[in-house]
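Asker: pasted the sequence and its predicted model underneath.
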Amino acid sequence: MIIVDLPDPDDYINAKYYTRSFYRELSKRMGPSALMAIQATSALRSPRTFASIQATVRDAGYFTLTYRVAMTTLGEWSFILASATGVSNMPRPDTTIALERAPSVSFSFPPDAVSGKDAQVSKLDDPVVLESFLEENGEAAP
């Protein structure tokens, strides 16, 4: 299991961890049955950023399953579960997971929260995830 819990892609330094190159490097460290859980900002607050992160992970060669968790201090946060070998080692989307400190885990999203139609892959030389995040959060580009 690899847990990727990074700061949001709010500058060029942090955005490089949300690129195809980064996820390809991680795949070299994963065994055949390994899973990777990725903090992927909030799909409700930053749907284009979330969609870009998922598109990037998929483009790096992973199968993905998205989920969201209601967190007491942060509100609802979104994650991506990724596998390099397929979905057989992932929970089914209709599974309920009971966690002691995160009772609200859901594998479904409201239709307006995630729009993957125009999702772009983020690359080291073109960090689209940074542009999306800054626009969606009302911040100016560095």
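Answerer: Arrived safely.
Asker: doesn't residue 132 belong to a strand?
Answerer: No: counting by DSSP: H, G, I helix; E, B strand; the rest coil, residue 132 falls outside a strand, being helix.
Asker: tell me how far it lies from residue 18.
Answerer: 10 Å (C-beta to C-beta, to the nearest Å). Yep, even glycine has a C-beta here, placed from its N, CA and C like the rest.
Asker: quick check, central residue of this structure?
Answerer: residue 40 (3.3 Å; C-alpha atoms, centre = their mean).
Asker: relative to residue 33, how far out is that residue?
Answerer: Taking C-beta to C-beta, one finds residue 40 at 22 Å from residue 33.
Asker: ok, residue 132 next?
Answerer: Counting by C-beta to C-beta, the gap from residue 132 to residue 33 is 32 Å.
Asker: which one of these two has more residues nearby?
Answerer: Ranked by neighbour count (other C-beta atoms under 10 Å), residue 132 and residue 33 place residue 132 first, with 24 against 11.
Asker: residue contacts, that one?
Answerer: 46, 48, 49, 52, 120 (C-beta atoms under 8 Å, 6 or more residues apart in numbering).
Asker: contacting residues for residue 34?
Answerer: Contacts of residue 34 by C-beta under 8 Å, 6+ apart are 1, 2, 83, 84.
Asker: go again with 10 Å.
Answerer: Residue 34 makes contacts with 1, 2, 26, 27, 82, 83, 84, 85, 89, as judged by C-beta atoms under 10 Å, 6 or more residues apart in numbering.
Asker: doesn't it belong to a helix?
Answerer: No: counting by three-state DSSP, residue 34 is not part of a helix but coil.
Asker: what comes up buried for the longest helix along the chain?
Answerer: Ranked by residue count, the top helix of the chain under DSSP state H comes out as helix 47-59. For helix 47-59, burial by neighbour count (16 or more other C-beta atoms under 10 Å) applies to 47-59.
Asker: quickly check those for the two that are furthest apart.
Answerer: Spanning the widest gap among the buried residues of helix 47-59 are 47 and 59, at 18.2 Å by C-beta to C-beta.
Asker: with that, I have no additional questions.
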